[in-house]
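J.: What follows is a predicted protein model with its sequence.
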Amino acid sequence: MALPIATSVATAFIVNLLVCIYFYAMYKKQNGHCSYLHWSRSCGLFASGILLCVVAHQYNNFQVLNALSCFLLYGSTYGLFFGLNLFELTRHSSKLFQKAQILFFAGAGAILITSFYGQLVNAVASVFMAIMFLVTEGYFHDRKSPYQTAYNAMRAVLLLHSFIMFLQGAVLFAKTFSGHDNATNQLFEAALLSHLILVIVTALLLPVLHLLRQRRYWREKADTDDLTLLLSRRAFIQRAYLSLADRNIPSHSLLMVDIDHFKNINDKYGHPLGDKVLKQVASVMTKVIRQSDIIGRLGGEEFVILMPGASSDEALRVAERLRHAISKVVITEHSESVTTTVSIGISASSELLDTWDLLLENADQALYNAKRQGRNMVCKFDSPQPFLGT
Ligand SMILES: Nc1nc2c(ncn2[C@@H]2O[C@H](COP(=O)(O)OP(=O)(O)OP(=O)(O)O)[C@@H](O)[C@H]2O)c(=O)[nH]1
């Protein structure tokens, strides 16, 4: 049973006003996250648009008021895009803004022009709103977000809304040209209702998404070394424990990689070049190892690589490849160029030795041997003689 149109209009107005206030409060509370401000404005615009629509209805054929109300409703949709876009969609943000902006200005121009033709202005506004939704909707689809379910819920409501808006625009067009000028109440109601659902779903989902996003951000930050973007010490050890506990993996090898005479590089060329060396070494190592290997920065100029399933001989071959690849890299900053070498210590797990602490201790001992015997070489634990390559 359809609600009387006055009830739908009043409900839409009240809900939009309440959500407008709610989002503004969230904006103040969440250290000024702009999405909330956009959404607050958007709902405020929608509520004012509804008010003007009612006034325009009272004064039949009051073109300017009609055009203005459409403009406000239309503007609220634009605010909605801004709000959503700032949330998680930052990778595509500039493209999205451009598309939404072009459509917005095209729609706004069309609304002004058609305002001289009475009912046509509503039809144009509806069709443009639908197009704006549909064009930008693709951005939800493409996203690889861990909160895909929440995004899918928003997408579904956006799609429903745009479909109804489009239908409303099409029917209004048809009515205008066939000479019947009366408002299509049921479609108007449906459009209001779908917008209401959209506003409510977003009001419920956005704060949850915000919270989840913040949690993910801080977790990722804690797990990542800022300079090299490898795993941080804590995250590496956590992953190493998990891998060592996996009974399906028969053996593990650990490589401890340390840049030789790194202090000299810092002292001679300065810290910025030192940082560049660290980044470059990290990047070469990431390219040489397998994806299943776990790599992290223990601290300073010391890196670790855990190779699940690798025997100590396999680890030795990889370590030699690493040592060779790193020695070939030339790092330049301004007019300065440096090359660097690394020493690598290897330890391997066995049935008797598979605790993290022992693995690390032994790799450290092997690294110490490599350093003591001249650097730029690989040493296995229990094998004090350096591996001299073939
Ligand atoms: N640029 C830069 N330097 C760092 C960073 N972390 C640690 N260092 C420096 O790394 C240097 C490590 O020096 P040492 O531990 O003496 O080791 P080394 O000079 O490589 O000597 P060996 O390991 O014995 O070959 C110190 O000078 C630290 O200040 C960093 O993030 N950036």
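T.: Received the coordinates, thanks.

J.: which residues touch Leu192?
T.: Listed by C-beta atoms under 8 Å, 6 or more residues apart in numbering, the contact partners of Leu192 are 8-9, 11-12, 50. Every residue, glycine included, has its C-beta placed from N, CA and C.

J.: And Ala153, by the same measure?
T.: Ala153 neighbours (C-beta under 8 Å, 6+ apart): 201, 205.

J.: In three-state terms, label it for me.
T.: Following DSSP: H, G, I helix; E, B strand; the rest coil, we place Ala153 in the helix state.

J.: helix/strand/coil for Ser343?
T.: strand.

J.: no no, Leu298
T.: On the basis of three-state DSSP, Leu298 is classed as strand.

J.: shaky segments in the stretch 251-390 of the chain?
T.: 351-354, 383-390 (pLDDT under 70).

J.: and the residue lying closest to Glu333 once chain neighbours are set aside, what is it in contact with?
T.: In space, not counting the residues next to it along the chain, Glu333 is nearest to Leu273; the distance is 4.5 Å by C-beta to C-beta, 6 or more residues apart in numbering. Going by C-beta under 8 Å, 6+ apart, Leu273 touches 265-266, 331, 333, 336, 338.

J.: near the ligand at all, the helix or strand hosting Leu273?
T.: Assigned by DSSP states H and E, Leu273 belongs to helix 271-288. Yes - using C-beta under 6 Å from any ligand atom, helix 271-288 reaches the ligand at 271, 274-275, 278.

J.: domain parsing for this protein?
T.: 5-222, 233-387 (automatic domain parsing).

J.: All the strands of this protein, residue numbers only.
T.: Shown for the chain, the strands assigned by DSSP state E span residues 252-259, 294-299, 302-308, 330-333, 336-339, 342-348, 378-380, 383-387.

J.: Tell me which residues touch the residue nearest to Ser292 when sequence neighbours are not counted, please.
T.: Nearest residue to Ser292 in three dimensions, chain neighbours excluded: Pro308, at 6.2 Å (C-beta to C-beta, 6+ apart). Taking C-beta under 8 Å, 6+ apart, we find Pro308 in contact with 243, 246, 249, 252, 292-294.

J.: try it again with 6 Å
T.: Neighbour list for Pro308: 243, 249, 252 [criterion: C-beta atoms under 6 Å, 6 or more residues apart in numbering].

J.: Could I have the buried ones of these as ChimeraX selection syntax?
T.: Buried members of those, defined by 16 or more other C-beta atoms under 10 Å, are picked up in ChimeraX with:
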select :243,252
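
J.: partner residues bridging the closest residue to Ser243 other than its chain neighbours?
T.: Once flanking residues are discounted, Ser243 sits nearest to Pro308: 5.0 Å by C-beta to C-beta, 6+ apart. Applying DSSP bridges to Pro308 gives these bridge partners: His252.

J.: which parts of the stretch 251-390 of the chain sit against the ligand?
T.: 258-263, 266, 271, 274-275, 278, 300-301, 371, 375.

J.: ok, now with 5 Å
T.: 260-263, 266, 271, 274-275, 300-301 (C-beta under 5 Å from any ligand atom).
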